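Q: requesting a structural model of the entry that follows:
(one chain, ligands or ions: 1)
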Amino acid sequence: MSRIGLPPHYFSREDESPDENFYQDPRFTTHIDDATISEITKYYRETLLPSDRLLDLMSSWISHLPNEVGFRQVSGLGMNRKEMDLNPRLNDSIVQNLNTTPSLPYADHSYDVVMIAVSIQYLTKPYEVFSEIARVLAPGGRCIVVMSHRVFPTKTIYAFLNLAPAERCELVSNYMEETGQIIEIDILDRSPRHADPLWLVVGRKTK
Ligand SMILES: C[S@@+](CC[C@H](N)C(=O)[O-])C[C@H]1O[C@@H](n2cnc3c(N)ncnc32)[C@H](O)[C@@H]1O
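A: Numbers count the residues shown, from 1 in each chain. Sure, this is the predicted structure:
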């Protein structure tokens, strides 16, 4: 059983071939409706500070950050070099498969915010990755997980295919709780009307 009591196969997926193959070719598309992307940007505008050092995990060519705000640092980690090279917000980027290497190549306490946008469903070792997120977050820093409902099904872990939206949010909340360092976890529904839904799970690292 996993830490939340789910069977181990819930953390596997139909396509267990190397993720490097699946993400080899860049995809310069958006994965959710424009109104939903606008709502993500709005949330970031409300909650991020220009002085923040941001880590965009599972990054691509778009980070949804408000255009008018410059941030102290924006780092990206994802699977495709071409996508991240064309992301105008990234100051630095690393290609790394978190399902084979869940440790993060960053120093302790080096980010104020770690975000994962519309990608959490692809992590097969989420508890290891979240332990690393807690390590790289500065005291009082925040983790923001952005979720919707569109997925690449064959690469999505069964938990995210089988659980209802509220249960998926609880699962992500559990990823944070189990670090023992991420607290004050909120689940927010910011779904726009007539567009892809938007759920946020947000936690704060202890001071
Ligand atoms: C649906 S895209 C979302 C990209 C971006 N975060 C956004 O909001 O548009 C999924 C992203 O997850 C990343 N990803 C998938 N599997 C991964 C893995 N095993 N390790 C690291 N990143 C992964 C891919 O590089 C891809 O950029």
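Q: residue 58: what's it in contact with?
A: Residues near residue 58 by C-beta atoms under 8 Å, 6 or more residues apart in numbering: 77-79, 98, 116-117, 119-120, 122-123. Heads up, the C-betas are built off the backbone N, CA and C, glycines and all.
Q: please repeat the previous calculation with a cut-off of 6 Å.
A: By C-beta atoms under 6 Å, 6 or more residues apart in numbering, residue 58 lies in contact with 78, 116, 119.
Q: quickly list what the first one is bridged to.
A: For residue 78, the beta-bridge assignment (DSSP bridges) gives partners residue 95.
Q: my read: it touches residue 61, true?
A: No. At 9.3 Å, residue 78 and residue 61 do not qualify as touching, with contact defined as C-beta atoms under 6 Å.
Q: joint contacts of these two?
A: In terms of C-beta under 6 Å, 6+ apart, residue 78 and residue 61 are not both contacted by any residue.
Q: assumed residue 174 was part of a strand.
A: No. Using DSSP: H, G, I helix; E, B strand; the rest coil, the assignment for residue 174 is helix, not a strand.
Q: roughly how far apart are it and residue 188?
A: 17 Å (C-beta to C-beta, to the nearest Å).
Q: the two: which is more packed in?
A: Using other C-beta atoms under 10 Å as the criterion, residue 174 and residue 188 rank with residue 174 on top: 19 against 14.
Q: contacting residues for that one?
A: residue 4.
Q: quick one: it from residue 5, how far?
A: In terms of C-beta to C-beta, residue 174 sits 9 Å off from residue 5.
Q: equivalent analysis for residue 110, please.
A: The gap separating residue 110 from residue 5 is 33 Å, by C-beta to C-beta.
Q: neighbour count for these two, which is higher?
A: Counted by other C-beta under 10 Å, residue 110 and residue 5 do not tie: residue 110 has more neighbours, with 16 against 8.
Q: do you know the pLDDT at that one?
A: Residue 110 carries a pLDDT value of 98.
Q: can you give me every residue that contacts the residue nearest to it when sequence neighbours are not counted?
A: Closest residue to residue 110 apart from its sequence neighbours, by C-beta to C-beta, 6 or more residues apart in numbering: residue 136 at 5.5 Å. By C-beta under 6 Å, 6+ apart, residue 136 lies in contact with 104, 106, 110-111.
Q: ok, residue 36 next?
A: Counted by C-beta under 6 Å, 6+ apart, residue 36 has contacts 192, 195-196, 198.
Q: which helix or strand contains it?
A: helix 34-47 (DSSP states H and E).
Q: is that helix in proximity to the ligand?
A: No. Helix 34-47 lies out of reach of the ligand by C-beta under 6 Å from any ligand atom, never closer than 7.8 Å.
Q: can you give me how far that helix is from the chain middle?
A: 15 Å (C-alpha atoms, centre = their mean, to the nearest Å).
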